[in-house]
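Asks: model this:
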Amino acid sequence: MLASYTFNSSYHPPKEQTISLPGLRLLEGGNFQPGDYAPIVMKQDQSIRLKFFQWNGFDPNATEDIKPYLSASHVLSSSEYSSLIRQHRCLIPVDAYYVTSGKGLSYKVSSPETGMFCFAGIYREWKDETGTMKYSFAILSTQACADVSPFGLLMPLILRRQEERIWLNTHAKLQYISRMLYQPCSLSLAVHPVYKLLEASETYPKQIAA
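Replies: Numbering: from 1, shown residues only. From the prediction side, this is the model:
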């Protein structure tokens, strides 16, 4: 199960000829958990923009046990999300994410191949009962690849770099979008137990001093 993710890199979305591109730079140590406001990349007014929306899985009343993602197959087949999957798609830039096992152990998942990648997401803008505008997003999930299948049947939907522009294009045909929702992850993912990473970080300064 996806517990949190990080992004500590600079990122530029894929180039398009007719739009300006924002640069995305976050402070080192950016760690995002369900309920946090986190950066998303979206297309708005013919420009690609960086926004900070709340990662709450579209449950405005959730304070605990927020669902970290929505099943892509459910989003595609549900009328509740039909307008969002057509017009409100976004990218969530990531350089690693964390999962937990049934035994309560945590693992870091990253891609040595690319260093960073993007989750596919959808976003929503709405008003609460007081009339205050709210902004939220959900990460989409798909069938887990072999690298992370020990942690469950689902994993965050990771897009190929060449697909990111299509995902942000509100005029893209739904048939192309639906193909992405069911595709297996094409990246080679590395999985490391967190306690081993912590032990390495603790001993590293001593090795340097020696």
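
Asks: so the residue sitting nearest the centre point of the chain, which state does it fall into?
Replies: Most central in the chain under C-alpha atoms, centre = their mean is F119, positioned 3.5 Å from the mean C-alpha point. Secondary structure state of F119, per DSSP: H, G, I helix; E, B strand; the rest coil, is strand.

Asks: and what of K103?
Replies: coil.

Asks: for the residue nearest to the centre of the chain, give the beta-bridge partners.
Replies: I92, I158 (DSSP bridges).

Asks: residue contacts, it?
Replies: Y5, L91, I92, V94, I139, L140, P156, L157, I158, L159 (C-beta atoms under 8 Å, 6 or more residues apart in numbering). Every residue, glycine included, has its C-beta placed from N, CA and C.

Asks: for C145, which non-adjacent residue is closest in space?
Replies: C185 (4.3 Å; C-beta to C-beta, 6 or more residues apart in numbering).

Asks: about what we covered before: out of the contacts of F119, who's nearest K43?
Replies: L91 (9.7 Å; C-beta to C-beta).

Asks: before we move on, the earlier item: by neighbours, which of the contacts of F119 wins?
Replies: I92 (28 neighbours; other C-beta atoms under 10 Å).

Asks: returning to what we had before: which two of the contacts of F119 lie the greatest distance from each other?
Replies: Y5 and L159 (14.4 Å).

Asks: residue ranges with poor pLDDT in the chain?
Replies: Across the chain, the ranges flagged by pLDDT under 70 are 1, 9-29, 59-66, 196-210.

Asks: rewinding a little: now the contacts of F119 in JSON lines, with distance to D36?
Replies: What follows is those, written out as JSON lines (distance: C-beta to C-beta, whole Å):
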{"residue": "Y5", "distance to D36": "10"}
{"residue": "L91", "distance to D36": "17"}
{"residue": "I92", "distance to D36": "12"}
{"residue": "V94", "distance to D36": "14"}
{"residue": "I139", "distance to D36": "12"}
{"residue": "L140", "distance to D36": "18"}
{"residue": "P156", "distance to D36": "16"}
{"residue": "L157", "distance to D36": "20"}
{"residue": "I158", "distance to D36": "20"}
{"residue": "L159", "distance to D36": "22"}
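
Asks: which among those gets closest to I48?
Replies: Nearest to I48 among those, with distances taken as C-beta to C-beta, is L91, at 9.1 Å.
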